[in-house]
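In: Sequence and predicted structure, then a few things I'm wondering about:
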2 protein chains.
Amino acid sequence: MVPIARGTSRDIRVANRFEVLRHIIAGSTVSRQRIAAETGLSLATVSNLIGELLEADVLVEVGFEDSSGGRPRGLVSVNPAGGVLVGVDVAETYVHVELFDTALSLLASVEEELHPEENRPAQVVGHIVSGVRAVLARGGAAPRRILGAGISVPGQVDRGGGVSVFAPNWNWHDIPLRGLLADGLSMPLYLDNPLRAAVVAELWFGAGRGREDVIVLNLGTGVGAGLAFRGSLYRGATNSAGEWGHTTLVLDGRPCHCGGRGCVETYVGAPGIMQHLRELDPDSPMLRAGDQTATIDALAAGVRAGDPVAAKVIGETARYLGVAIANVINLANPEAIVLSSWVAARLGEPLLDEVRAVVSRHALRHPLAAIDITLSELVGDPVSLGAATLALEGFLSAIGTRAAHLHR
Amino acid sequence: MVPIARGTSRDIRVANRFEVLRHIIAGSTVSRQRIAAETGLSLATVSNLIGELLEADVLVEVGFEDSSGGRPRGLVSVNPAGGVLVGVDVAETYVHVELFDTALSLLASVEEELHPEENRPAQVVGHIVSGVRAVLARGGAAPRRILGAGISVPGQVDRGGGVSVFAPNWNWHDIPLRGLLADGLSMPLYLDNPLRAAVVAELWFGAGRGREDVIVLNLGTGVGAGLAFRGSLYRGATNSAGEWGHTTLVLDGRPCHCGGRGCVETYVGAPGIMQHLRELDPDSPMLRAGDQTATIDALAAGVRAGDPVAAKVIGETARYLGVAIANVINLANPEAIVLSSWVAARLGEPLLDEVRAVVSRHALRHPLAAIDITLSELVGDPVSLGAATLALEGFLSAIGTRAAHLHR
Ligand SMILES: [Zn+2]
Ligand SMILES: [Zn+2]
């Protein structure tokens, strides 16, 4: 038996709605019979779920296929005119906004820079609002229905209340973001953080497709884990699961801005990697003081050029990262771990190779045999894609409720 | 929306069966209406599930209660004559066997000692078989139906195949235990390990009742975690989740029998605690070479008597254990962490108090605010209880399938 959570029939109906739509997006044009065969759901259930999605204009009927000898089977696909979704990735240095159709195909994107001093809530909200307006204009979405906007902001989020509970790098506490955004944006808004967005993007479109237990490790300035167990996002008791970056790797190690010492983040986040470089060669020309992106780019170029110091920094980073990943593997026994975000994208295969070698020495044999460690293969910005997917999930969840009708 | 796993309607039906029976066991005599109100399931669903459980003789009708003004409501309770369940806790030094009725009330127990050299599969199997026979005789269960026996063995288990894949302390590899046991025991056998048994026991009868995300930390010779997410046991991709004892706490720290260094187990397992004592006072009278149980007992007595060395050992153990627990809290954001097994039971409140203090310094504020850290309050042997509960779950899962009829 597949373990299954407690849940009401409505929760299950919504989860099945996600699953059916994932199969239709993947297959582009499919019959109810094929979805039933692929998902294990009964044909009656699939027909019923597809009926709801047709009614909500998410799907359209697109003709028939011959079934050998039987009646022709009706085919459905995602309705290209069904509406658009917005995904917003708010990071410390930029606001990146993307516009998607209902199949999550990219229609347009816009990026606004955030200057380091522009971190008051009103300033960030201003950039989000102008970014969303710009991407809607660029995408020519004005006449189309906007199903919702997913907004990913760094730190801990109360998604029900639409509040940024704590964003450490901006020292934000309990900022009612959704309320502030609602003045400028008249669409359903779904607030969450990059860890959740990244893992949802992998579940729908990346390494998580068809898998049950998947962990996405976001490697950037900060680091953290997005967790999916049994095929769906795991949030923990208070939506703060995934703070892998603040698990202790070195007892009494490097001080961390969380107040702890020896946190994973202090060794494998971009500033931690810069510190490895500084300790190995304080005068390295790769070290661009105050510019994490330039330093990581220089390291990546150094590795490609065979620079021994760059190789040592990658090795030192992998030594910590590999142990921290082995810890996650031993504890959670996932099928896949995906390295995502900008540091993983830039350091790429050379880092991955060294990480795999370290993991193979530290993970236990059985969970090690089950694991697939990869770089994210999603094209574009996984956090914007994931934020838009969270908005789609929000729209799908509301089908058949009063909230869905209010937004039509 | 409560997140919900992918699952077939049959998985969901079985999960709901567990949930309904849990409420009946807790309430002892209840109406369908009250279960519906407590679980959020519809009255029709509850009536249907109860019909199946009556049909399987797990429940009995026990009369009616007045509902103010309405029709009298039928009451059900667990059928005391419905059958018995066996729970076997195989550890390095003993085989402990308990007999339960269908409500998991203890009927009888038997313990057979395992001598250190008695670790060949045939020897251990012999003790399991004689222990089960003895407990059935003692419980007078001969005329009653045996619904199944849950067998917990240390190490990693392939439960589908009934194989002990790897038991490090006995150097067992791929031992087909269920096949060996089937010669002596003619009842359905469910093989699993103590981490799974302990968390299932807490979910049904302990700190996990009514909670979604619960982690049980077994503290004994070895240490490990039983994980429950969204109200049900989480096994990971290959049933080896929970190897928290082999996550790295101290980079390049104490050597571990898993081949790693600095594993949590080497600092907070019983031999690790003995090593703290040895390092603090090599000549301590509390140190009983080769006898973990006696040493831990002496430490517990020392703490009660105000011995400063004993207090220091508890402090040192808590320093490592608290950080390792904070790591789990930051990563998984559970509602409850339960300290179980014999080291936790013996060191008790003094250890718990110090652990809570260390955790409060290392866990992040939001997941810390959500967590409840307790000692297990289950009476008796949680692993035997959990093993029997796994057998009950196996029986409940098979209701309506051919396997269930074969065993009637
Ligand atoms: Zn930290
Ligand atoms: Zn180990």
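Out: Sure thing, it's come through. Residues are numbered from 1 along each chain as shown, chains lettered A, B, ... in the order given. Ligands and ions are numbered 1, 2, ... in the order given.
In: need the contact list for residue A:334.
Out: By CB atoms under 8 Å, 6 or more residues apart in numbering or on different chains, the contact set of residue A:334 is A:213-215, A:328, A:370-371, B:236-237. (Glycine included, C-beta is placed from N, CA and C.)
In: Ramachandran angles for it?
Out: phi -80, psi 170 (degrees, to the nearest 10).
In: What of residue A:164?
Out: As for residue A:164, its main-chain torsions (degrees, to the nearest 10) stand at phi -80, psi 110.
In: That one bridge partners, please.
Out: Bridge pairing for residue A:164 (DSSP bridges) gives the partners residue A:157, residue A:175.
In: The longest helix seen in chain A near chain B anywhere?
Out: For chain A, the helix with the greatest residue count under DSSP state H is helix A:308-332. Yes. Looking at helix A:308-332 against chain B by CB under 8 Å from any CB of the partner chain, the contacts come from A:320, A:323, A:326-328, A:330-332.
In: Of those residues, which pair is most distant in space?
Out: Maximum pairwise distance in the residues of helix A:308-332 next to chain B, criterion CB to CB, is 18.8 Å, between A:320 and A:332.
In: Just the endpoints, please. Distance across stretch A:25-43?
Out: The stretch stretch A:25-43 measures 18 Å between its terminal residues, going by CA to CA, to the nearest Å.
In: unless I'm mixing things up, residue A:262 is touching residue A:250, no?
Out: Yes. Taking contacts as CB atoms under 8 Å, residue A:262 lies within contact range of residue A:250: 3.6 Å.
In: Up against ligand 1, what does the stretch 1-150 of chain A have?
Out: Proximity of the stretch 1-150 of chain A to ligand 1 (CB under 5 Å from the ion) involves no residue at all.
In: quick one, helices of the stretch 301-408 of chain A?
Out: Assigned by DSSP state H, counting those that start in this stretch, the stretch 301-408 of chain A shows helices spanning A:308-332, A:341-362, A:365-370, A:382-398, A:402-406.
In: okay but residue A:180 is in contact with residue A:124, surely?
Out: No. At 9.1 Å, residue A:180 and residue A:124 do not qualify as touching, with contact defined as CB under 8 Å.
In: quick one: which of those two has more around it?
Out: Higher neighbour count among residue A:180 and residue A:124: residue A:124, with 23 against 19, using other CB atoms under 10 Å in any protein chain shown.
In: list the contacts for that one?
Out: A:90, A:95, A:114, A:118, A:153, A:170.
In: Distance of the first one relative to chain B?
Out: Read that as residue A:90. According to CB to the nearest CB, to the nearest Å, residue A:90 and chain B sit 19 Å apart.
In: Please apply the same query to the fifth one.
Out: Noted for residue A:153: a distance of 15 Å to chain B, by CB to the nearest CB.
In: I figured that residue hits residue A:90, correct?
Out: Yes. Here residue A:153 reaches residue A:90: they are 4.6 Å apart, a contact under CB under 8 Å.
In: So chain A: which segments form each domain?
Out: Domain ranges of chain A: A:9-78, A:84-197+A:383-406, A:210-377, per automatic domain parsing.
In: hang on, the earlier thing: out of the helices of the stretch 301-408 of chain A, indicate the one that is most buried.
Out: When you average the neighbours per residue for each of the helices of the stretch 301-408 of chain A (mean count of other CB atoms under 10 Å in any protein chain shown), helix A:382-398 leads with a mean of 27.
In: tilt between that helix and helix A:341-362?
Out: Angle of helix A:382-398 versus helix A:341-362, following axes from the mean of the first three to the mean of the last three CA atoms, to 10 degrees, is 90 degrees.
In: do helix A:382-398 and chain B meet?
Out: Yes. Applying CB under 8 Å from any CB, one finds helix A:382-398 touching chain B at residue A:397.
In: That helix packs against which elements?
Out: On a contact count with 3 or more CB pairs under 8 Å, 6 or more residues apart in numbering or on different chains; DSSP states H and E, helix A:382-398 meets helix A:9-27, strand A:84-90, strand A:94-101, strand A:146-152, strand A:189-192, helix A:194-205.
In: give me the number of residues near the closest residue to residue A:380 other than its chain neighbours?
Out: In space, and not counting its chain neighbours, residue A:380 is closest to residue A:106: 6.2 Å by CB to CB, 6 or more residues apart in numbering or on different chains. Neighbour count of residue A:106, defined by other CB under 10 Å: 17.
In: and residue A:179, what does it touch?
Out: Residue A:179 touches residue A:162, counting by CB under 8 Å, 6+ apart.
In: Pull the helix or strand where it lies out as PDB, backbone CA atoms only.
Out: Using DSSP states H and E, the element containing residue A:179 is helix A:177-182. Extracted C-alpha coordinates of helix A:177-182, given in PDB (Å, rounded to 0.1, in the frame of the first residue of the first chain):
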ATOM      1  CA  LEU A 177       2.500  42.000   1.800                       C
ATOM      2  CA  ARG A 178      -0.600  40.800   0.200                       C
ATOM      3  CA  GLY A 179      -2.600  43.700   1.700                       C
ATOM      4  CA  LEU A 180       0.000  46.200   0.400                       C
ATOM      5  CA  LEU A 181       0.000  44.500  -3.100                       C
ATOM      6  CA  ALA A 182      -3.800  44.300  -3.300                       C
END
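In: what's the model's confidence in that helix, averaged?
Out: For helix A:177-182, mean pLDDT rounds to 94.
In: quick check, distance from it to the centre of its chain.
Out: Here helix A:177-182 is found 22 Å from its chain centre; the criterion is CA atoms, centre = their mean, to the nearest Å.
In: now swap in stretch A:360-369 and tell me
Out: Computed by CA atoms, centre = their mean, the chain-centroid distance of stretch A:360-369 equals 26 Å.
In: And the residue lying closest to residue A:119 once chain neighbours are set aside, what's its pLDDT?
Out: Excluding the flanking residues, the one nearest residue A:119 by CB to CB, 6+ apart is residue A:170, at 4.3 Å. Per-residue pLDDT puts residue A:170 at 86.
In: ok, residue A:170 - contacts?
Out: Listed by CB under 8 Å, 6+ apart, the contact set of residue A:170 reads A:92, A:119, A:124, A:154-155.
In: Export the residues you listed to CSV and append columns for distance to residue A:379.
Out: Shown next, in CSV, are the contacts of residue A:170 (distance: CB to CB, whole Å):
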residue, distance to residue A:379
A:92, 23
A:119, 29
A:124, 26
A:154, 23
A:155, 27
